[in-house]
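Colleague: coords below, sequence missing:
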Ligand code: PMP
């Protein structure tokens, strides 16, 4: 047996890495056996800007910013230095023992200032899933303290994504996740999504937006308004396929939440930190949430960190009537992650990245993606800011879908891999969400490679 640690073996050997990965590493959202049978993983070894490099020296344009998170791009020494300095000064201390750290305090102050008015208090976790799990607990706690313990139901959307723990996967509306082990948990309910291309039929967008929102009211009435605690939605559904709601949707949703006095949660895990051309998706869609989870772009993915911003309505009750809040994580307010988040936000501010997405790179990406709309395989191109989606259709005119669902997307995604461009297939929709620092030339490259992959997929699918 070779007992030498992996790092002492041939470091550049793709074969060695792949074999060890297959032997010992189980990947998330992966068919373990399928991956092994394909020969194992692509090994990503470094990255700079919007470019990844694999162990074979191939350069790949990262159209997904990792998993929608590397907003300031790869290779930022400032973030490495912030982490180093904080680790030397104070690598860890908890926030349980009536203690705090300068980094966790400063970040809380900063997030209270950046988030929409009224959201002034911050609770930390390490992932979007933990943030949403925490929120499920906070919401129930809130209504108990209000003397309405029967308000336990939370409404969310089919095809929404809120994480992968038991509660956050229950909040989400992803069927394959529910099928894994019998979710959702009791008290989690789903209504239709504001997916105009897929479900709008002959309605106008305006009309459809209202109809989709009214599904929430119908669910509230079905469950009994006195049992409903909250509604949660992503301003733009990301992992569901970049579903951009009609302009009429969010105003109607907010009206319904107010009418039945239920809490509104805007999941900003993808939309936050500039993705839609404003600091938050809530700014873009004029949403006034009571609770707002954030993660991903908060640290640009350099370290795991999530934050929940809470508004007065919720905080006042927890504060005045709650006593001890019996919940938290070892890494809540981790000083190194908080220091990196502060530096990351400083970069976004100094480089005017939010404004650039709004006024320059966002419109440019949308304009370039729109050139794919005439392709015979493309049913719709949609996007906002630096989020984009290209929906593949078997019939452009009738919005016909391929069967089985997901096959066309998988074929196209596999061509993207060969073209060295990362675009994710959500069923049969190709999505992009590049780092916010992407240049025009890089957007040209991204769209051109995606276009080539779509051409090749069309050939495979017999569409021309
Ligand atoms: N909410 C949304 C909107 C997300 O997109 C995600 C992750 N894709 C999550 C929550 C869960 O975050 P994490 O993977 O960090 O647990």
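Modeller: On my side now, so go ahead. All figures in this text were calculated on a predicted structure; none of them were measured in a lab.
Colleague: burial of residue 84, as a residue count?
Modeller: Residues contacting residue 84 under the criterion other C-beta atoms under 10 Å number 13. No exception for glycine: its C-beta is placed from N, CA and C like everyone else's.
Colleague: Quick check: buried residues in the helix or strand harbouring it?
Modeller: Secondary-structure assignment from DSSP states H and E places residue 84 in helix 77-89. Using 16 or more other C-beta atoms under 10 Å as the test for burial, helix 77-89 gives 79, 82, 83, 86.
Colleague: quick one: pLDDT of residue 464?
Modeller: Here, the pLDDT recorded for residue 464 equals 79.
Colleague: That one: how many residues sit nearby?
Modeller: Neighbour tally, residue 464, other C-beta under 10 Å: 8.
Colleague: and if you look at residue 334?
Modeller: Residues within reach of residue 334, counting by other C-beta under 10 Å, total 27.
Colleague: go on, residue 325?
Modeller: Considering only other C-beta under 10 Å, residue 325 is surrounded by 13 other residues.
Colleague: Would you check how far apart it and residue 123 are?
Modeller: Separation of residue 325 from residue 123 (C-beta to C-beta, to the nearest Å) stands at 9 Å.
Colleague: try residue 267
Modeller: Look at residue 267 and residue 123: by C-beta to C-beta, they are 15 Å apart.
Colleague: what about those two, which has more around it?
Modeller: The neighbour comparison of residue 267 against residue 123 (other C-beta under 10 Å) goes to residue 267, with 32 against 25.
Colleague: follow-up on the earlier one: got the buried residues of helix 77-89 as a markdown table, with pLDDT columns?
Modeller: Formatted as a markdown table, the buried residues of helix 77-89 follow (pLDDT from 0 to 100):
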| residue | pLDDT |
| --- | --- |
| 79 | 98 |
| 82 | 98 |
| 83 | 99 |
| 86 | 98 |
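Colleague: surely residue 419 meets residue 451?
Modeller: No: with contact defined as C-beta atoms under 8 Å, residue 419 does not count as touching residue 451 (9.4 Å).
Colleague: For the helix holding residue 84, which helices and strands make contact with it?
Modeller: Under the contact definition 3 or more C-beta pairs under 8 Å, 6 or more residues apart in numbering; DSSP states H and E, helix 77-89 sits against helix 335-350.
Colleague: Could you pick out the residues of the stretch 51-200 of the chain near the ligand for me?
Modeller: By C-beta under 6 Å from any ligand atom, the residues of the stretch 51-200 of the chain that approach the ligand are 67, 127, 128, 129, 132, 161, 162, 163, 164.
Colleague: Max pairwise distance over those residues: which two?
Modeller: Greatest spatial distance among those (C-beta to C-beta): 67 and 132, at 15.7 Å.
Colleague: neighbour count winner among those two?
Modeller: Neighbour count, other C-beta under 10 Å: between residue 67 and residue 132, residue 132 has more, with 31 against 15.
Colleague: What are the boundaries of the strands in the stretch 301-450 of the chain?
Modeller: 306-311, 378-384, 387-392, 421-422, 424-426, 429-432 (DSSP state E, counting those that start in this stretch).
Colleague: Can you list phi and psi of the residue in the chain positioned nearest to the ligand for me?
Modeller: For the chain and the ligand, the shortest gap (C-beta to the nearest ligand atom) falls at residue 128, measuring 2.2 Å. Main-chain dihedrals, residue 128, degrees, to the nearest 10: phi -60, psi -40.
Colleague: Tell me, domain by domain, which residues of the chain belong where.
Modeller: 42-72+352-461, 77-350 (automatic domain parsing).
Colleague: Kindly present the strands of the stretch 301-450 of the chain as a markdown table, with separate columns for mean neighbour count.
Modeller: Supplementary listing: these in a markdown table, determined by neighbours: other C-beta atoms under 10 Å:
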| stretch | mean neighbour count |
| --- | --- |
| strand 306-311 | 25 |
| strand 378-384 | 20 |
| strand 387-392 | 26 |
| strand 421-422 | 24 |
| strand 424-426 | 21 |
| strand 429-432 | 27 |
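Colleague: Quick one: those strands as a markdown table, columns for mean pLDDT and distance to residue 438 too.
Modeller: What follows is the strands of the stretch 301-450 of the chain, written out as a markdown table (pLDDT from 0 to 100; distance: least, C-beta to C-beta, whole Å):
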| stretch | mean pLDDT | distance to residue 438 |
| --- | --- | --- |
| strand 306-311 | 98 | 24 |
| strand 378-384 | 98 | 13 |
| strand 387-392 | 98 | 11 |
| strand 421-422 | 98 | 12 |
| strand 424-426 | 97 | 16 |
| strand 429-432 | 98 | 10 |
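Colleague: how about TSV for the ones you listed, with distance to residue 179 added?
Modeller: Converted to TSV, the strands of the stretch 301-450 of the chain look like this (distance: least, C-beta to C-beta, whole Å):
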stretch	distance to residue 179
strand 306-311	26
strand 378-384	27
strand 387-392	24
strand 421-422	27
strand 424-426	17
strand 429-432	21
